[in-house]
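J.: What follows is a predicted protein model with its sequence.
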Amino acid sequence: MLQRALFKTPVGALYLISDEHVLLGAGFTSYEDLLSRMDVEDSSRKITTVKSIPIISDLVSDYFEGDLAAFGGIQVRQPGADFSQAVWKVMRKIPVGKTMSYAEIAKRAGSPDAVRAAGSACARNLIAPIVPCHRVVKSGGALGNYAYGLDAKEWFLRHEGALK
């Protein structure tokens with residue numbers, strides 16, 4: 001059985017969906033949005049609403065209270081092609097307080113010419129901000145896009161010390 005919980009953050013309500021201690025979806029839109037993008041096998045399972053998801057909610061809380069490495073302790077799983085999986089893995093390795101360009105992400109994911117595909121993988125990321133697509137910027141340093149708005153992206157980058 002899946003669990004879902006709502007977490008209030010400085011940038012809005014964060015919707016979380018997990019399978020035990022593995023986070024399957026996180027985002028700032030709705031449970032329905034997350035479920036529509038999850039694996040059919042997962043999204044069709046029974047889901048229960050809880051006040052907090054053991055381990056995951058604590059780590060999310062720790063992050064927003066200033067333990068910026070807390071997201072690293074959350075296990076995640078999301079559907080996607082091999083290249084997308086590689087991009088998400090690279091994103092999780094971007095150090096807190098740092099950013100990386102889409103071009104660098106593509107290179108580290110094994111396909112230097114696949115910059116647009118890296119951008120698409122960022123856009124399809126189902127587990128934001130835990131898989132930190134907010135740390136990915138344009139090559140010239142411009143913030144680029146963020147599914148939940150540039151104000152949210154800016155807040156995360158300031159919170160983590162990447163922006164002054």
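T.: Arrived safely. Numbers count the residues shown, from 1 in each chain.

J.: CA only for contacts and neighbour counts going forward, please
T.: Fine.

J.: Report the contact partners of the residue most central in space within the chain.
T.: Nearest to the geometric centre of the chain sits residue 128, at 2.1 Å (C-alpha atoms, centre = their mean). Listed by C-alpha atoms under 8 Å, 6 or more residues apart in numbering, the contact set of residue 128 reads 25-27, 134.

J.: end-to-end on stretch 157-164?
T.: End-to-end span of stretch 157-164 (C-alpha to C-alpha, to the nearest Å): 9 Å.

J.: cool, and stretch 140-159?
T.: Stretch 140-159: ends 21 Å apart by C-alpha to C-alpha.

J.: Over that stretch, what's the mean pLDDT, rounded is fine.
T.: The pLDDT scores in stretch 140-159 average 94.

J.: for this structure, what spans make up the strands?
T.: Using DSSP state E, the strands of the chain run over 2-9, 12-19, 22-27, 47-49, 75-76, 100-101, 136-137.

J.: Save the ones you listed as JSON lines, and put in distance to residue 59 too.
T.: Converted to JSON lines, these look like this (distance: least, C-alpha to C-alpha, whole Å):
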{"stretch": "strand 2-9", "distance to residue 59": "11"}
{"stretch": "strand 12-19", "distance to residue 59": "12"}
{"stretch": "strand 22-27", "distance to residue 59": "12"}
{"stretch": "strand 47-49", "distance to residue 59": "18"}
{"stretch": "strand 75-76", "distance to residue 59": "11"}
{"stretch": "strand 100-101", "distance to residue 59": "24"}
{"stretch": "strand 136-137", "distance to residue 59": "22"}
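
J.: re the thing from before, nearest to residue 80, of the contacts of residue 128?
T.: residue 25 (13.0 Å; C-alpha to C-alpha).

J.: which residues touch the closest one?
T.: Contacts of residue 25 (C-alpha under 8 Å, 6+ apart): 15-18, 34-35, 38, 78, 126-128.

J.: And residue 101, by the same measure?
T.: By C-alpha under 8 Å, 6+ apart, the contact list for residue 101 reads 136-139, 141.
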